[in-house]
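[1] sequence and computational prediction follow.
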Amino acid sequence: MLALLFLLVRRSLCWWLFALASAVVAAAVSVFACWAVIHVLYIWPEDLPTTVQINVALLLWILALGCTTALVRLRRSRDGAVQPSVSLRRRTLAVVAMVVALTTVGLRINADFGEFPTVRSLFSSQTMNLSTVAPPAPKHEPDSRFMAAGVSAHWHAPVGLPATGTVRSVPIAGTVSGFHARNAVVYLPPAYSAVNRPVLPVLVLVSGQPGSPESWLRSTDLVGQLDSFAAAHNGLAPVVVMPDPNGSDQANTMCMDSSMARADTYMSKDVPHWIKTHLDADTNPAHWAVGGFSYGGTCAMQMVTRHPGIYRTFLAISPEREPALAVNRSLTIERAFHGDAAAFDALVPLTLLAKNKYPDISGWFASGSQDATYSANVKVLQVAANKAGMSTQKSVFPGGHSWAVASAALPQGLAYVFARIGLP
């Protein structure tokens, strides 16, 4: 606030008129830019929060004030000499004030989405170098790859077992789907390093959109939560796979097979096949779970309603009511299904939940207390899931539609999932 006041306060009437005009222009540009992101570029399937629009306007206004003050503006004195109208000292301080103000506004915008919970996460997002070494080849034959009953009670960690798991970046080819995905992220718990490692359950996690598999590492304490669980269970934890059903940060396949991509086939064929052929993962669907935040939570709902024979447990944090490319539902259908509404409707979770019964599916919903839209989505989806025979639970956490809510929800959500995939 002080930095903004420094940029704003001047004695000149012309300056105040400029400040007022630039504020109006900044507000107008912010409204238009936020509208274009949603309705022209289709980067986000719903209108941005008012707080984001206000903060974008502030950012633009600060840039206008700071750059104008910092620029060398010349005036002619009475004797004809050309002199700077703003002192060098003030221009220097203006640059400092502008940086401080912009940083503050940037932090406020980030607080709305929770993308970077720490300063370190901001820089690590650009330098995240995960190991690309392929996971060790499976030691158990496919026909015997079932997790032993009561493994959490009978497994004893051998001497020398690492205290933490390993995280790797791996390619999962779209062999069946033809989909070109970015590398997936895989977490292997400490027990996976044992010479005689046990067969382990599987958790597939999908990030929000825009986002990437690495978002789970950058925006939440997922690895810390998994390592903590493993430390309390002799090194045992699920194998966690974070695939990419979008292909890029801005892309949105809606986790469906459509004219845009065969993302559903990728998630239901290619990803499970890779897990079963490259990891010592339990092949019993009762020990497989799928989860995600926002877009990822929607994808999780799609997986269990379309493929209950693969995923039996789900974790849906702030999911959409149905997959979407734009605020306008008809535009979503036009772009992805050439206007065939029946084809789209046949694949959405609410349609399938109304049509089918899912007595073997368990799920956990979560949303932010200040996230009215997605909390309403959870309410509708949970009612439909319960009517379809699913066993579900729901929790609410402080915050809006942000990764901060996903991070806060993670410990409780993981506990729910682990208990149902064989690691109580």
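    Ah, there it is. Numbering: from 1, shown residues only.
[2] isn't Ser169 up against Ala134?
    No. With the criterion set as CB atoms under 8 Å, Ser169 and Ala134 do not qualify as a contacting pair; they are 10.3 Å apart. Just so you know, the C-beta spots here come from the backbone N, C-alpha and C atoms, and that holds for glycine as well.
[3] those two: who's more crowded?
    Taking other CB atoms under 10 Å, Ser169 and Ala134 do not tie; Ser169 has more neighbours (18 against 11).
[4] look up how far Pro136 lies from Ala231.
    Look at Ala231 and Pro136: by CB to CB, to the nearest Å, they are 21 Å apart.
[5] tell me the SS of Arg335?
    Taken by DSSP: H, G, I helix; E, B strand; the rest coil, the conformation at Arg335 corresponds to helix.
[6] buried residues, stretch 259-274. List them.
    By neighbour count with 16 or more other CB atoms under 10 Å, stretch 259-274 contains the buried residues 260-272, 274.
[7] what residues does it touch?
    Contacts with stretch 259-274, where a contact means CB atoms under 8 Å, 6 or more residues apart in numbering, come from 172-179, 181, 184, 204, 206, 241, 243, 245-247, 253-257, 288, 299, 302-303, 306-307, 310, 335-338, 347.
[8] for that stretch, what is the average pLDDT?
    Regarding stretch 259-274, the rounded mean pLDDT is 97.
[9] do stretch 390-399 as well
    Confidence over stretch 390-399, taken as the mean pLDDT, stands at 96.
[10] could you dump it to CSV, C-alpha only?
    Taking Å, rounded to 0.1, in the frame of the first residue of the first chain, the C-alpha atoms of stretch 390-399 are listed here in CSV:
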residue,chain,number,x,y,z
MET,A,390,-21.7,-45.6,-4.2
SER,A,391,-20.4,-45.2,-0.7
THR,A,392,-19.2,-41.6,-0.3
GLN,A,393,-18.0,-39.0,2.2
LYS,A,394,-17.5,-35.3,2.0
SER,A,395,-15.4,-32.7,3.7
VAL,A,396,-15.0,-28.9,3.5
PHE,A,397,-11.9,-26.9,4.0
PRO,A,398,-11.2,-23.2,4.4
GLY,A,399,-10.6,-21.3,1.1
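[11] quick one: buried residues of that stretch?
    Neighbour counts using 16+ other CB under 10 Å place 390, 392, 396-397, 399 of stretch 390-399 among the buried residues.
[12] who's in contact with it?
    Residues external to stretch 390-399 that are found in contact with it (CB under 8 Å, 6+ apart): 114, 353, 358-359, 361-371, 375, 378, 382, 385-386, 405, 408-409, 412-413, 416.
[13] kindly recompute the last result at 7 Å.
    358, 361-370, 378, 382, 385-386, 405, 408-409, 412, 416 (CB atoms under 7 Å, 6 or more residues apart in numbering).
[14] mark which of these are buried, thanks.
    In terms of neighbour count (16+ other CB under 10 Å), the buried residues within those are 358, 361-368, 378, 382, 385, 405, 408-409, 416.
[15] in the protein, which helix or strand is least confident?
    Averaged element by element with mean pLDDT, DSSP states H and E, the chain has its least confident helix or strand at strand 74-76 (a mean of 43).
[16] contact partners of the helix or strand containing Ala300?
    Ala300 is part of helix 295-306, with elements assigned from DSSP states H and E. Residues from elsewhere that reach helix 295-306, judged by CB under 7 Å, 6+ apart: 205-209, 245, 255, 264, 267-268, 290-292, 311, 314-320, 323, 349, 352-353, 361, 363, 381.
[17] filter the residues you listed down to the ones in strands?
    Counting by DSSP state E, the part of these found in strands is 205-206, 290-292, 314-317, 363.
[18] where does pLDDT dip in the stretch 51-200 of the chain?
    Along the stretch 51-200 of the chain, the parts satisfying pLDDT under 70 run over 69-98, 100-128, 143-144, 146, 148-150, 152.
[19] repeat that with 50
    Counting by pLDDT under 50, the stretch 51-200 of the chain shows low-confidence ranges at 72, 74-77, 80-84, 125-127.
[20] all strands for it, in order.
    For the stretch 51-200 of the chain, strands defined by DSSP state E, counting those that start in this stretch occupy the ranges 74-76, 82-84, 166-170, 184-188.
[21] just checking, Ala157 touches Asn234?
    Yes. With contact defined as CB atoms under 7 Å, Ala157 counts as touching Asn234 (4.0 Å).
[22] which neighbours do these two have in common?
    Joint contacts of Ala157 and Asn234 (CB under 7 Å, 6+ apart) do not exist.
[23] next one: phi and psi at the nearest residue in space to Tyr374 that is not next to it in sequence?
    The spatially closest residue to Tyr374, leaving aside those adjacent along the chain, is Ser318, at 4.2 Å (CB to CB, 6 or more residues apart in numbering). In this entry, Ser318 is assigned phi and psi values of phi 50, psi 60 (degrees, to the nearest 10).
[24] same deal with Asp244?
    Backbone dihedrals for Asp244, given as degrees, to the nearest 10, come out at phi -120, psi 100.
[25] repeat that for Leu203.
    Summarising the backbone geometry of Leu203 under the convention degrees, to the nearest 10, its torsions are phi -130, psi 120.
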